[in-house]
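S.K.: Predicted coordinates and the sequence they were generated for:
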Amino acid sequence: MIRYKAIISYDGTLFAGFQRQPSMRSVQGELEKTLQRLNSGEQVQVHGAGRTDSGVHAYGQVIHFDLPQDRDLEKLRFAFDTQTPDDIDVVSVEKVSSDFHARYNKHLKTYEFLVDNGRPKNPMMRHYATPFPYELDIEKMAEAIKDLVGEHDFTGFTASGTSVVNKVRTITRAEVSYDEKSHLITFTFTGTGFLYKQVRNMVGTLLKIGNNRMPVSQIKTVLETKDRQLAGPTASGQGLYLREISYHDEMTKGD
């Protein structure tokens with residue numbers, strides 16, 4: 001068997017999430033249906049680097065899968081791309097070693113979260129940015145977001161009911177920017193991994209801070225107390241994008 005790694009992008013609007021689900025449309029399910037057709041009807045299992053929720057988008061999701069044949073990479077990418085639905089794009093395909101695993105190999109993930117701060121909100125962005133048509137202090141959010149950088153226990157930013165025991169994660173980059181022309185605010189987070197709804201909960205807290213309904217120190221308070229009730233609400237999923245995944249061997253090339 002030959003193992004292939006692919007980078008895919010998708011519009012998450014009409015998906016119930018990345019993970020295959022019974023009787024619901026998923027990114028994994030659509031990819032596996034396409035690969036089955038390309039593999040003479042034989043089933044092919046797709047493994048993703050991470051799961052995205054309903055409505056969440058991706059520019060750089062990474063998957064891997066095995067095929068019995070050694071395929072021409074561009075022909076495989078083209079066939080894979082053109083036979084998947086229009087809301088999925090196959091950006092690249094490459095061969096990797098048989099021990100590569102999209103999820104378990106060490107990597108960094110980068111997420112972006114878009115907020116439409118326009119008044120009135122832009123209807124064209126309703127599936128691609130979370131509307132927040134209220135006054136926001138960008139400088140306060142820029143100051144507060146710095147407290148997320150580093151290794152922390154993110155229990156206070158985790159959705160209730162998660163089964164993950166170890167909630168310590170490392171964030172290497174946390175930034176916020178504002179585009180005056182489009183009225184879009186972009187939050188960017190890079191880290192070793194993120195807990196269920198962690199990014200959306202961090203954004204919800206930062207928006208409360210920017211709206212002067214929480215102090216700038218609230219991020220520190222939530223991290224120290226590990227109390228979810230002290231964080232902001234969960235921001236809606238349509239503003240979230242899986243931007244990029246960088247694997248350890250890619251990050252160290254040239255060192």
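M.R.: Received it, and whenever you're ready, just let me know what you need. Numbering: from 1, shown residues only.
S.K.: what's stretch 37-51 in contact with?
M.R.: Applying Cβ atoms under 8 Å, 6 or more residues apart in numbering, the contact partners of stretch 37-51 are 17-19, 27-28, 31-32, 35-36, 61-68, 76, 79-80, 83, 101-103, 107, 109, 242, 245. For every residue, glycine as well, the C-beta is placed using N, CA and C.
S.K.: Buried only: go through those for me.
M.R.: 17-19, 27-28, 31-32, 35, 61-65, 67, 76, 79-80, 102, 107, 109, 242, 245 (16 or more other Cβ atoms under 10 Å).
S.K.: Show me those residues that map onto helices.
M.R.: If you go by DSSP state H, the buried ones among the contacts of stretch 37-51 have Val27, Gln28, Leu31, Glu32, Leu35, Leu76, Ala79, Phe80 in helices.
S.K.: need these in CSV with pLDDT, can you?
M.R.: What follows is these, written out as CSV (pLDDT from 0 to 100):
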residue, pLDDT
Val27, 98
Gln28, 98
Leu31, 98
Glu32, 98
Leu35, 98
Leu76, 98
Ala79, 97
Phe80, 97
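S.K.: Could you tell me how many residues sit around Ser246?
M.R.: 15 (other Cβ atoms under 10 Å).
S.K.: What separation do you get for it and Lys33?
M.R.: According to Cβ to Cβ, to the nearest Å, Ser246 stands 29 Å off from Lys33.
S.K.: same question, Asn39
M.R.: From Asn39 over to Lys33 (counting by Cβ to Cβ), the distance is 11 Å.
S.K.: Would you state the strands of the stretch 151-255 of the chain in chain order?
M.R.: 168-179, 184-191, 240-247 (DSSP state E, counting those that start in this stretch).
S.K.: Can you list the strands that the first one pairs with?
M.R.: By that I understand strand 168-179. Using DSSP bridges, strand 168-179 pairs in its sheet with strand 150-153 (antiparallel), strand 184-191 (antiparallel).
S.K.: could these be laid out in TSV, adding mean neighbour count and distance to Arg169?
M.R.: Shown next, in TSV, are the strands paired with strand 168-179 (neighbours: other Cβ atoms under 10 Å; distance: least, Cβ to Cβ, whole Å):
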stretch	mean neighbour count	distance to Arg169
strand 150-153	15	7
strand 184-191	21	6
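S.K.: Mean pLDDT and distance to Lys220 for these - can I get that in CSV?
M.R.: Below are the strands paired with strand 168-179 laid out as CSV (pLDDT from 0 to 100; distance: least, Cβ to Cβ, whole Å):
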stretch, mean pLDDT, distance to Lys220
strand 150-153, 97, 10
strand 184-191, 98, 17
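S.K.: Now distance to His57 too, for these, in TSV please.
M.R.: Below are the strands paired with strand 168-179 laid out as TSV (distance: least, Cβ to Cβ, whole Å):
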stretch	distance to His57
strand 150-153	26
strand 184-191	13
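S.K.: Nearest to Arg3, out of the ones you listed?
M.R.: Between Arg3 and these, the shortest gap by Cβ to Cβ is with strand 184-191, which sits at 26.2 Å.
S.K.: Convert the closest one to CSV, retaining C-alpha atoms only.
M.R.: Once non-C-alpha atoms are left out, strand 184-191 reads as follows in CSV (Å, rounded to 0.1, in the frame of the first residue of the first chain):
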residue,chain,number,x,y,z
LEU,A,184,-13.4,42.5,9.6
ILE,A,185,-11.5,41.6,12.8
THR,A,186,-9.2,38.6,12.4
PHE,A,187,-8.0,36.6,15.4
THR,A,188,-5.1,34.3,14.7
PHE,A,189,-4.0,31.5,17.0
THR,A,190,-1.1,29.0,16.5
GLY,A,191,-0.6,26.1,18.9
